[in-house]
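> Structure for the following, please:
(3 chains)
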Amino acid sequence: MSQPLLRVENLRTHLFLKRGVVKAVDGVNLHVDAGETLGLVGESGSGKSMTSLSILRLLPRQSGRIVEGHIWVDGVDLASLSEEEMARDWRGRRVSMVSQDPMTSLNPVFTVGDQVGAPFRYHGLAHGARAVREAAVKVLRRVRIPSPEKRLDDYPHQFSGGMRQRVVAAMAIACAPRLLIADEPTSNLDVTIQVQMIALFRELQRDSGLGIILITHDLGVAASICQRVAVMYAGRIVEVGDVRTIYRSPAHPYTQALLNAIPHLGQRRRRLHAIAGQPPSLIDPPVGCRFAARCSRRTAQCDAEYPPEVELASGHKVACWRPGPEAA
Amino acid sequence: MLLEVRDLKKHFPVGSGLLRASGAVRAVDGVSFSVDVGETFALVGESGCGKTTIARMVLMLERPTAGAILFDGKDLAGMSGAGLKAYRRQVQAVFQDPYASLNPRLRVRTIIAEPILAHERSGRAALRRRVEEVLDVVGLPAAAADLFPHEFSGGQRQRIAIARALAVNPRCIVLDEPISALDVSIRAQVLNLLADIQERFRLTYLIIAHDLALVEHFSTRVGVMYLGNMVEAGPTDAVFDRPRHPYTQALLASVPRPDPDHQPPLDAIRGEIASAMAPPSGCKFHPRCPRAIDRCAVEVPAWRSLGRDHAGACHLAEGA
Amino acid sequence: MTADAGALATLPARGPLALLMARLRGRGLPWLSMLMLAIVIVAAIGGEALAPHDPNGLDLGAAFRPPAWAEKGSWAYPLGTDNLGRDILSRIIAGARVSVVSALYAIVFAGSIGGLIGMISGYFGGIVDAVIMRLVDIQLSIPALALALVIAAVFGADFGTVIVVIIVTYWTWYARIVRGEILSLKEREYVALAKVAGCGTGTIFFRHLLPNIMNTLLVLSTLQVGQVIIFEASLSFLGLGIQAPDVSWGLMLSDARNYLTNAWWAITMPGIAIMLTCLSANMVGDWLRDTLDPKRRQL
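Residues are numbered from 1 along each chain as shown, chains lettered A, B, ... in the order given. Reported below is the predicted structural model:
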């Protein structure tokens, strides 16, 4: 078996706040192959964004710390690098990010050309104003911005919301990264713009062998882009598998509940199966399964001990004492 | 008919100058619809389509530029004093963000009692009983009344917001994106609660949403809006089963489904929404419409029937 | 719903006051600044009763005594004496009253007048707002000292003039800042919902808007204490404010400037009193701003 592009091993990231230590990521294992998109699905506070910030080493400086675990990319453990090495060779270069809000990702006082050109200048991939400009045009063309030569000297506010998100994507792929982390890249966009971004993501991945981690709370978006999906709950991955398995035959009660808890197009006035209660506190998480309190299959064992991860089929892993199809 | 909106317009002036504005955003540009008692009418569309502005006008938070809103046959524009008070009592609202819609400095008891006290002199005991009653309706314990909003999760806060809206026994509640700020696993709880109280108290809902799956699930009738205009309206079944306007069709086709084998065609729609300050001529959707003909660029399509209670504004859509 | 009830039971019931106290404890208090302000306030209340000598007691034989630690100094006059042999420490203690009283007047009157005008301007907007803001612009373009000269010329120079000038000068700050706050506050969803609930303008003002600008008013007021003290000193220094036999820090500076070369302490000591008081007030103000600002409350 070949080395995956990214392998995260037993990652624990804690936030040291005054009210306590929040165990935001508490033992996460995952891998992403080259040319593959892994969906990281979960609710707010499930640890999906903290996982991605850990990989990029962009945790809140005062409070966030990786307390345990490894993040292997190309045989290098990012968790052990110094901030200087991370900034020089990795962040924005080989590991890159698209965030949710294109407005805050772009500086309103610089032209789009300046900002898209910045990664080339910073990482020394293009020398001289002309070369930087050419490189910027090329990458803007890749994200399908019409007539990029003319738009280089425009400012972000002159672009529409969808086009701005494309510019952000262009900045992220400027240095031809190996791994791209996309944190809710479409959640602020309207559906008719979102579908265009979905097309762009698929294209990027197909053309460049880029590995992508797509972080989203939207099960529909994950289904439309990802090959594999990992479901996070309360700081841990509870189920991971290829996209068809996760949507067709999910084995973890939380995955099943999540799929049943939202209205789907084509389903009319059917009562939704609500998940009672709410996620546990991550300052003092339960010792057993973290979903137990809300789970319909709960037993004494679920409360006593965290379930080990079992592999139900090749690549389909579930952390549950009683995995399996939903009871009818 | 409980609520009727007739040729409603709202233009926001833009530009500087103390007395004269240099242009206007046509946020709502001639919209008509009506909502019957007990019905759930949904206004759906993308950002900038004017759906929230309509909600704000119905709630009398904005004054219409033109057109009329009638509640129980009475025009809102003519209301003042007692008539206005009576209206305020019958129409309440639940907004999107449960963090912004509850004053962080007030206890839940004060928040829920606010609409009651605005309308009647209520004794302490009666007030207390009523607050606890509505808290019970939304599934919160009576002890919640003594806490502050920050002590609750998003879902619980939205329950408090619903309890407050119910406190004065309204006939109609305007729901502006009531679940879109909530976590996925909490949405169903709130949605089911809204369905339950509608049945229990015979409420009429006007819901504003961008999530088509939610609208299909929750509403009985739907109006699809684009750039300040209604493009198609009708019973939810008809609009979702047989969408007739190309915009409705594109919108429905664009929604990613939680099923890897049924994904939207990636060329369902092109381009982006035009500016509401300088909307396209003719049919405002024509620059993005896959079926546009020459006529669409010059002539504004008339509103016409497309079947039983189903209507739309498109040159190409024909009646059933 | 049992899960909801369970989750609620685990929540500690804490009011805003308890939260505020927790927050105040959380950040190191500016003890030194608070101590300094406390001393000034005690001096202002006690006044002459606390002073070791009569602040106006002439003793020409004791004129130009240097501070105690200097050569020829004496502990009978710890900070030395001025040209008329008056004890400088006693005069600083007596002068604190003018400084504190003028600061309080400015805060209470300028704050409430300016705050109310700002609220009205921000909430109602439109033509009301335009007119009020132009008034503010006009007020801000008039030099405060020129205004003081005019008022002093018309009504005579005394403590009342100082207060009037301070209020007229400082209300605009409150009006501007409060207006800005109200502009964003009135767009809050809970304000819209209060209207939907049927609340009147009064309820919205006093229940939803005023409590939310109290922090701003408090911080602004603390930061203005320093400015007002310096302003009062400037007016008195120019002879437009406090007149002898009343004592004020500005007046002390004015009296001492002729003897700058042979009695440096007579002008330095009140100067240090002004500086320390203003510095302390500003530090407490900065600390209050950082502590009360929700955006800085994280971590």
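
> which one's the longest helix in chain B?
Ranked by residue count under DSSP state H, the longest helix found in chain B is helix B:184-201.

> Are there helices or strands packed against it, and which ones?
Where contact means 3 or more CB pairs under 8 Å, 6 or more residues apart in numbering or on different chains; DSSP states H and E, helix B:184-201 is packed against helix A:253-260, helix B:154-166, helix B:212-218. Glycine gets a C-beta too; all of them are placed from N, C-alpha and C.

> Name the residues that touch stretch C:270-290?
Applying CB atoms under 8 Å, 6 or more residues apart in numbering or on different chains, the set of residues contacting stretch C:270-290 from outside is C:27, C:29-30, C:32-34, C:36-37, C:40, C:88, C:91-92, C:95-96, C:99, C:218-219, C:222-223, C:225-227, C:229-230, C:233, C:249, C:252-253, C:256, C:296.

> Low-confidence regions, the stretch 201-328 of chain A specifically.
For the stretch 201-328 of chain A, applying pLDDT under 70 flags the ranges A:269, A:327-328.

> residue ranges of the strands in it, please?
For the stretch 201-328 of chain A, applying DSSP state E, counting those that start in this stretch gives strands covering A:211-216, A:228-233, A:236-242, A:309-313, A:316-319.

> any idea which residue sits dead centre in the chain?
You didn't say which chain, so I picked chain A. Note on chain A: the residue nearest the mean C-alpha position is A:Ile215, at 2.8 Å, using CA atoms, centre = their mean.

> hm, I was asking about chain C
Centre-most residue of chain C, counting by CA atoms, centre = their mean: C:Val225, 1.9 Å.

> Also chain B?
B:Ile208 (2.4 Å).

> Confirm that it lies within a strand, as I assumed.
Yes: under DSSP: H, G, I helix; E, B strand; the rest coil, B:Ile208 sits within a strand.

> quick one, what contacts it?
Counting by CB under 8 Å, 6+ apart, B:Ile208 has contacts B:42-43, B:51-52, B:54-55, B:174-177.

> Tally up the residues packed near the closest residue to chain C within the stretch 201-328 of chain A, please.
In the stretch 201-328 of chain A, the residue that lies nearest chain C is A:Gly277 (3.0 Å; CB to the nearest CB). Residue crowding around A:Gly277 was assessed by other CB atoms under 10 Å in any protein chain shown; the count is 21.

> And it, how far from B:Thr65?
Distance, A:Gly277 to B:Thr65, by CB to CB, to the nearest Å: 47 Å.

> before we move on, what about A:Met50?
With distances taken as CB to CB, A:Met50 is found 47 Å from B:Thr65.

> between the two, who's got more neighbours?
A:Met50 (27 against 17).

> Quick check: phi and psi at the nearest residue to C:Pro211 once chain neighbours are set aside.
Using CB to CB, 6 or more residues apart in numbering or on different chains and skipping the chain neighbours, the partner closest in space to C:Pro211 is B:Arg105 (5.1 Å). Here the main-chain torsion angles of B:Arg105 (degrees, to the nearest 10) amount to phi -90, psi -10.

> What helix or strand is C:Ala266 located in?
Assigning secondary structure by DSSP states H and E places C:Ala266 in helix C:264-292.

> Phi and psi next, for A:Pro307.
Here is the backbone geometry of A:Pro307 (degrees, to the nearest 10): phi -70, psi 140.

> tell me the contacts of it?
A:Pro307 sits next to A:289, A:319-321 when contact means CB under 8 Å, 6+ apart.

> Would you mind listing what in the stretch 101-250 of chain B touches chain C?
With CB under 8 Å from any CB of the partner chain as the criterion, the stretch 101-250 of chain B comes near chain C at residues B:101-103, B:105-106, B:114-115, B:118-119, B:139-141, B:143-144, B:146-148, B:151-153, B:156, B:161, B:164, B:168.
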